[in-house]
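Student: from the sequence below, what's the structure:
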Amino acid sequence: MADAIAARFKPCAVTVLCGPGNNGGDGFVVARLLDEHGFIVRVTHDADPKDDAGVMSALWKGTRGALTPAALDGARLVVDALFGAGLSRPLDGAPAQVVAALGDFPVVAIDMPSGLSGDTGAPLGHVTVKATLTITFFRKKPGHLLLPGREACGEIVVADIGIPDAAADTDLFENTPSLWSYPQPRARGHKYDRGHCVVVSGGASQTGAARLAARGALRIGAGLVSVASPRDALAVNAAHLTAIMLKGFKGAAGLAEVLSDKRLNTVVIGPGLGVGGETRALVDTVLKSGAGVVLDADALTSFQDDPEALFNWLHE
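Tutor: Predicted coordinates for the structure are as follows:
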């Protein structure tokens with residue numbers, strides 16, 4: 001914590017807000033180390049820290065005071081060591097009063113800005129810290145990545161404190177390019193090796209979203225891509241597409257006929273399709289085709305009043 005702060009801020013007057021638990025104990029350690037870096041440090045806390053936090057409190061020999069808004073007077077930087085990612089209740093009392101008074105102070109949060117859920121990133125009450133920098137340990141928590149917590153954290157630094165990788169929850173992953181896999185063409189490969197994606201388009205006045213999806217499928221590496229649309233939309237789509245093929249159909253029965261060609265092995269349905277019974281019938285047809293299916297937009301919204309109907313149709 002102290003190294004990350006010293007790398008980003010010149011020595012200045014710092015107020016460290018310490019809570020009663022281990023997050024507050026971390027604050028006392030940071031205070032001591034920032035003092036060694038040349039910062040002018042004041043520690044504020046409400047109750048006397050206990051256990052490990054009490055040990056760290058006893059090692060702090062500098063200025064300390066009550067946890068009140070007045071503790072911010074003269075500070076150029078604030079360290080939020082009130083509560084970490086495990087907080088499960090709204091801030092109240094002295095912590096809430098001080099956080100409400102932070103205004104535009106630059107704040108460095110330990111683990112998680114106080115007042116936010118580490119599990120969801122949601123505010124637990126009306127008062128939360130908005131940090132400039134958040135330093136967490138071992139792994140990011142969901143609350144660091146999900147809005148609105150993501151925006152409240154500012155810059156996020158993950159510090160290694162010696163926890164082994166085996167302790168990680170292997171069911172949680174941050175969605176980054178390291179997880180993305182694109183099909184790579186082989187020298188002796190054929191375009192059908194990389195699949196034929198069909199994007200179902202709406203009528204003549206609702207074609208743009210389907211074309212965007214089709215271009216996305218082509219860019220990600222599908223061997224062939226077609227847009228299937230009602231016949232009145234064929235000319236509109238043809239005017240905007242080159243490398244993407246067109247297939248006309250009429251109603252659910254017509255789409256079923258298109259998808260009877262099993263080389264068409266992936267279907268995207270929903271963008272710009274329209275909400276209602278006709279879309280539900282098309283979704284039913286696509287799910288029965290045996291193709292891999294991406295449901296999006298109107299293909300989901302059309303079932304908002306009867307989600308069980310969609311769930312009952314879903315399969316591997």
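
Student: which helix in the protein has the most residues?
Tutor: helix 22-36 (DSSP state H).

Student: what's the angle between the next helix or strand after that helix and helix 22-36?
Tutor: Going down the chain from helix 22-36, the next helix or strand is strand 40-45, by DSSP states H and E. Relative orientation of strand 40-45 versus helix 22-36 (axes from the mean of the first three to the mean of the last three CA atoms, to 10 degrees): 160 degrees.

Student: what's the mean pLDDT across strand 40-45?
Tutor: Throughout strand 40-45, pLDDT has a mean value of 97.

Student: repeat that for stretch 257-273.
Tutor: For stretch 257-273, the per-residue pLDDT averages 97.

Student: in three-state terms, label the nearest residue to residue 218 once chain neighbours are set aside for me.
Tutor: Distances taken as CB to CB, 6 or more residues apart in numbering put residue 225 closest to residue 218, at 4.7 Å, once the chain neighbours are dropped. Using the backbone N, CA and C atoms, a C-beta is placed for each residue, glycine as well. Classification of residue 225 by DSSP: H, G, I helix; E, B strand; the rest coil places it in strand.

Student: doesn't residue 195 make contact with residue 225?
Tutor: No: at 9.2 Å, residue 225 does not count as touching residue 195 under the criterion of CB atoms under 8 Å.

Student: looking at the two now, which is surrounded by more residues?
Tutor: Legend: neighbour count by other CB atoms under 10 Å for residue 225 and residue 195, higher for residue 225 (24 against 19).

Student: can you name the residues bridging to that one?
Tutor: residue 197 (DSSP bridges).

Student: next one: it relative to residue 260, how far apart?
Tutor: 19 Å (CB to CB, to the nearest Å).

Student: break down the stretch 1-150 of the chain into its strands, ranges please.
Tutor: Using DSSP state E, counting those that start in this stretch, the strands of the stretch 1-150 of the chain run over residues 13-18, 40-45, 63-66, 77-81, 107-110, 133-137.

Student: what sits against the residue nearest to residue 218?
Tutor: By CB atoms under 8 Å, 6 or more residues apart in numbering, the residues touching residue 225 are 196-199, 214, 217-218, 243-245.

Student: find me the pLDDT at the residue with the largest distance to the centre of the chain, would you?
Tutor: For the chain, the residue at maximal distance from the C-alpha centroid (CA atoms, centre = their mean) is residue 61, at 40.9 Å. Looking at residue 61, its pLDDT is 95.

Student: could you do the one 3 residues further on as well?
Tutor: The score at residue 64 is 94. That number is its pLDDT.

Student: so what's the nearest residue to it once chain neighbours are set aside bridging to?
Tutor: Distances taken as CB to CB, 6+ apart place residue 43 nearest to residue 64, at 4.4 Å, with adjacent residues excluded. Here residue 43 sits in beta bridges with residue 16, residue 64, going by DSSP bridges.
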